[in-house]
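Asker: quick check, what structure comes out for this input:
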Amino acid sequence: MFATFFVDIIERIGEERMSFDPESLRRRRAEILTELERVNSDQRIELDPDGEEQAIQIEQDEVAVSMEQSLRKELAEIDAKLEGDDAD
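Answerer: Predicted coordinates:
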């Protein structure tokens, strides 16, 4: 539930940012790549021996996966838009 809410917010922010000029899109693209690195490094943790902590870690991992998917979608949209601008 929390993950869905979080992904919706990220998608809305991405839609708002997609209307900017090419330089803004390039800056956003760099931000996304940095964020993807952070999300991917956060996913590489070992599970805690405590079962309750593991449950929390797994839930956080699900949020991270949703966030990564949303960021990758926005990145693809930006790349497509930038490719279209380069063709003009």
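
Asker: how much space between the most centrally placed residue in the chain and residue 40?
Answerer: Among the residues of the chain, the one closest to the centroid is residue 71, at 2.7 Å (C-alpha atoms, centre = their mean). For residue 71, the distance to residue 40 equals 10 Å [C-beta to C-beta, to the nearest Å]. From N, CA and C alone the C-beta is placed, and that goes for glycine too.

Asker: pLDDT weak spots in the protein?
Answerer: Residues of the chain meeting the criterion pLDDT under 70: 1-20, 42-43, 85-88.

Asker: quick revisit: surely the residue nearest to the centre of the chain and residue 36 touch.
Answerer: Yes - look at residue 71 against residue 36 with C-beta atoms under 8 Å: they come within range, at 5.5 Å.

Asker: this structure: helices as residue ranges?
Answerer: Using DSSP state H, the helices of the chain run over 2-17, 22-42, 51-87.

Asker: now do the shared contacts for residue 71 and residue 36.
Answerer: Here residue 71 and residue 36 have no joint contacts, going by C-beta atoms under 8 Å, 6 or more residues apart in numbering.

Asker: got phi/psi on residue 48?
Answerer: Here is the backbone geometry of residue 48 (degrees, to the nearest 10): phi -70, psi 150.

Asker: that one is in contact with residue 55, isn't it?
Answerer: No - using C-beta under 8 Å, residue 48 is not in contact with residue 55, being 9.6 Å away.

Asker: many thanks, have a good one.
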